[in-house]
Each structure stands twice: as C-alpha cells, then as structure tokens.
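A.B. asks: coordinates only, sequence not included:
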C-alpha cells in the first residue's frame with residue numbers, strides 16, 4: 001500500500017514493527033496462553049503504545065482508554081480508544097480486535113459479532129456502531145479506526161487475508177451506516193508465540209469526510 005495518510009496509520013506500522021517485542025514481555029494470559037494474542041483489546045492497545053513510547057519511535061503524544069481515560073473523552077459523555085496529537089493535529093481513534101477464533105481454534109461467534117453485527121448497539125457495541133458513534137460526534141478532529149486482525153493458521157478462515165478483512169469492513173460500514181471509510185494502512189505481522197493468535201495485521205481506516213479542525 002501507499003504511505004499512511006494518517007498518524008494512526010503511521011502508528012499501526014510501528015505497532016507491527018514492535019508487536020513481537022510486546023509478545024515476549026506482556027506475560028501469559030492465565031486462561032488462554034502465551035503472548036499478546038489472547039489478551040483483551042485494551043491490554044493489547046496499551047501494551048503496544050507503551051512499547052512505542054519506550055522505543056521513542058513516534059513523534060507525538062498518544063493517549064489510551066486504559067492509561068489515560070480522561071484524555072480520550074469528548075463531548076456527549078463519549079470516549080474513544082486512542083487519541084493522537086502530532087504536528088498540531090489531533091486524531092481520535094476507535095479500536096477493536098478482529099479475532100474470530102478462540103484460543104482453542106474453535107470459531108468465535110462473539111468475536112465476529114463484536115465487529116460486524118449491525119444490531120449490536122449496546123455494550124459491547126459492535127465496531128460498526130463504534131464507527132457510527134465517532135463519525136457523528138461533534139468533535140473537530142481527524143477520525144480513524146484501528147483493528148488488530150489475527151488471521152487463522154488452521155481451520156476455517158485461513159485463506160482470508162488482511163486485505164480481504166479490511167475491504168469487508170469497509171463495505172459493511174457503507175452498507176449499514178451512513179458513512180464512508182477508506183482503508184489507510186495494512187501492516188502485517190507474524191511469528192508470535194501463541195499457537196492460534198500468531199499472525200495477522202494492524203488495519204487502519206479513516207473517515208471519508210473529515211471535519212475541519214480549528215485551534
């Protein structure tokens with residue numbers, strides 16, 4: 001793909017570069033195994049951001065819902081998962097795990113529903129509704145969306161590429177909401193320690209019609 005058009009996309013490429021480092025240090029999920037893959041969404045995002053900050057590879061400030069809850073809130077009592085400040089620009093980002101197999105390699109209907117279900121508009125809200133929530137929010141920032149996709153290594157779905165999933169979600173947003181998103185970044189990774197959650201990509205989309213920013 002071309003160079004990322006957003007700072008979220010730039011951050012995604014850094015995530016893919018350092019995810020193996022996080023995979024080694026994050027510790028074991030006592031129920032589901034080693035590495036980053038079995039951990040929940042907030043823990044994964046927070047660990048990746050912390051590693052990027054530790055390696056000092058991103059020229060900006062990153063706030064997460066887990067570590068900086070006050071900094072990711074916006075008007076209307078809502079909050080997002082990531083806020084990025086860089087070069088006099090702010091980006092608000094919603095994030096979700098695209099993890100459609102459980103740790104035992106069985107399919108995860110709940111994991112799929114958390115991303116694609118147009119009827120799931122309450123906690124846990126599906127990613128489709130996360131897009132709608134942020135897209136309609138009255139905040140003049142760049143609005144982006146990030147997914148951590150774990151591509152199956154065995155069983156159903158092994159042939160579904162990161163590009164396939166990125167395109168599918170783009171199309172689903174167009175079908176079930178009044179908004180258009182564009183694929184910004186697909187940053188692949190592989191070689192993680194977990195037997196099931198060991199490869200995939202960091203995916204980023206941006207809202208097609210961004211609000212003008214005023215400072």
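C.D. replies: Here it is on my side, so go on. Model, not experiment: these values are computed from the prediction.
A.B. asks: flag the shaky bits of this structure, pLDDT-wise.
C.D. replies: The model of the chain has pLDDT under 70 over residues 211-215.
A.B. asks: all helices of this protein, in order?
C.D. replies: Remark: helices assigned in the chain by DSSP state H are 7-25, 41-55, 109-116, 127-136, 162-176.
A.B. asks: nearest to residue 146, out of those helices?
C.D. replies: With CB to CB, the closest approach to residue 146 among the helices of the chain belongs to helix 7-25: 6.0 Å. The C-beta positions use only the backbone N, C-alpha and C, and glycine is treated the same way.
A.B. asks: relative to residue 95, how far out is residue 198?
C.D. replies: According to CB to CB, to the nearest Å, residue 198 and residue 95 sit 20 Å apart.
A.B. asks: who wins for proximity to residue 194 among the helices of the chain?
C.D. replies: helix 7-25 (8.1 Å).
A.B. asks: the closest one versus helix 41-55: what angle between them?
C.D. replies: Per axes from the mean of the first three to the mean of the last three CA atoms, to 10 degrees, the angle that helix 7-25 makes with helix 41-55 is 90 degrees.
A.B. asks: which strands and helices sit next to helix 7-25?
C.D. replies: helix 41-55, strand 82-86, strand 89-99, strand 142-150, strand 181-189, strand 200-207 (3 or more CB pairs under 8 Å, 6 or more residues apart in numbering; DSSP states H and E).
A.B. asks: pull out the buried positions in the longest one.
C.D. replies: Pointing back at helix 41-55 there. Under the neighbour-count criterion of 16 or more other CB atoms under 10 Å, helix 41-55 has 41, 44-52 buried.
A.B. asks: who's in contact with that helix?
C.D. replies: With contact meaning CB atoms under 8 Å, 6 or more residues apart in numbering, helix 41-55 is reached by 11, 14-15, 18-19, 21-22, 26, 36, 39, 58, 62, 64-67, 81-82, 95-97, 148.
A.B. asks: need the buried ones from these selected in PyMOL.
C.D. replies: Buried residues among those (16+ other CB under 10 Å), as a PyMOL selection:
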select buried, resi 11+14+15+18+19+21+22+26+36+39+58+62+64+65+66+81+82+95+96+97+148
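A.B. asks: now the buried residues of helix 41-55 as a markdown table including distance to residue 75?
C.D. replies: A markdown table is the format used below for those (distance: CB to CB, whole Å):
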| residue | distance to residue 75 |
| --- | --- |
| 41 | 24 |
| 44 | 27 |
| 45 | 23 |
| 46 | 24 |
| 47 | 29 |
| 48 | 27 |
| 49 | 24 |
| 50 | 28 |
| 51 | 31 |
| 52 | 28 |
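A.B. asks: nearest to residue 160, out of the helices and strands packed on helix 7-25?
C.D. replies: Checking those against residue 160 by CB to CB gives strand 142-150 as the closest, at 9.1 Å.
A.B. asks: ok, and the closest non-adjacent residue to residue 68?
C.D. replies: Distances taken as CB to CB, 6 or more residues apart in numbering put residue 83 closest to residue 68, at 7.7 Å, once the chain neighbours are dropped.
A.B. asks: mind listing what's buried in stretch 81-95?
C.D. replies: Applying a neighbour-count criterion of 16+ other CB under 10 Å, one finds 81-84, 86, 90-95 buried in stretch 81-95.
A.B. asks: and of those, the nearest to residue 5?
C.D. replies: Nearest to residue 5, judged by CB to CB, of the buried residues of stretch 81-95 is residue 91 at 11.0 Å.
A.B. asks: alright, I will stop here.
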